[in-house]
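Enquirer: What follows is a predicted protein model with its sequence.
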Amino acid sequence: MSMEKHKKLITLLVKKTEAGELDWKPTATENAFVVSFSRSSIILEETQGATGLDYHVSLLNAGGDTAETFSDVDLDSTEDFIDTEQRWYHTMKSLFATARRTAHGSERVLNEILSELEDDIPF
């Protein structure tokens, strides 16, 4: 099965997440985050695989049912060249880290701490 649309999806998720355009939220599952669209959602999950961490994307339809799931391993297995080894693993790992920071409000927390540290506190 061709995974070109899946690769395009991950590429766009990375771009939009890094630009702050997607509102990732925590899920009830540890190490999983969700972003919702008008009639569908995506869950991004970090799991322990046989050889280390894996990243899974689940596409949910309007009813909340899983329409499809794929992983970095699936995407990496479609690459033909050795120099792209684990390309999608690294891409999805970075996406997961950014989604986690977004979901937990890392930027807001960092700004609050910096603001407090930068305030001149009179003694």
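Expert: Sure, I can see it. Numbering: from 1, shown residues only.
Enquirer: Which pLDDT value belongs to Val109?
Expert: Val109 carries a pLDDT value of 90.
Enquirer: so Leu95, which of the three states?
Expert: helix (DSSP: H, G, I helix; E, B strand; the rest coil).
Enquirer: For it, which non-adjacent residue is spatially closest?
Expert: Sequence neighbours aside, Val14 is the residue nearest to Leu95 in space, at 5.1 Å (criterion: Cβ to Cβ, 6 or more residues apart in numbering). Bear in mind the C-beta positions are built from the backbone N, C-alpha and C, glycine included.
Enquirer: Which SSE is immediately downstream of the helix or strand where that neighbour lies?
Expert: Val14 belongs to helix 4-18 when assigned by DSSP states H and E. Moving toward the C-terminus from helix 4-18, the next helix or strand (DSSP H and E) is strand 25-26.
Enquirer: average model confidence for that following strand?
Expert: Rounded mean pLDDT across strand 25-26 is 96.
Enquirer: And for that strand, what's in contact with it?
Expert: Contact with strand 25-26 is made by Ala32, Phe33, Val34, Val35, Ser36, Ala103, His104, as judged by Cβ atoms under 8 Å, 6 or more residues apart in numbering.
Enquirer: Which of these fall in helices?
Expert: Among these, the members falling in helices (DSSP state H) are Ala103.
Enquirer: which two in the contacts of strand 25-26 are spaced the farthest apart?
Expert: Ser36 and His104 (17.1 Å; Cβ to Cβ).
Enquirer: which secondary structure elements does the helix holding Val14 contact?
Expert: strand 52-60, helix 72-76, helix 87-103 (3 or more Cβ pairs under 8 Å, 6 or more residues apart in numbering; DSSP states H and E).
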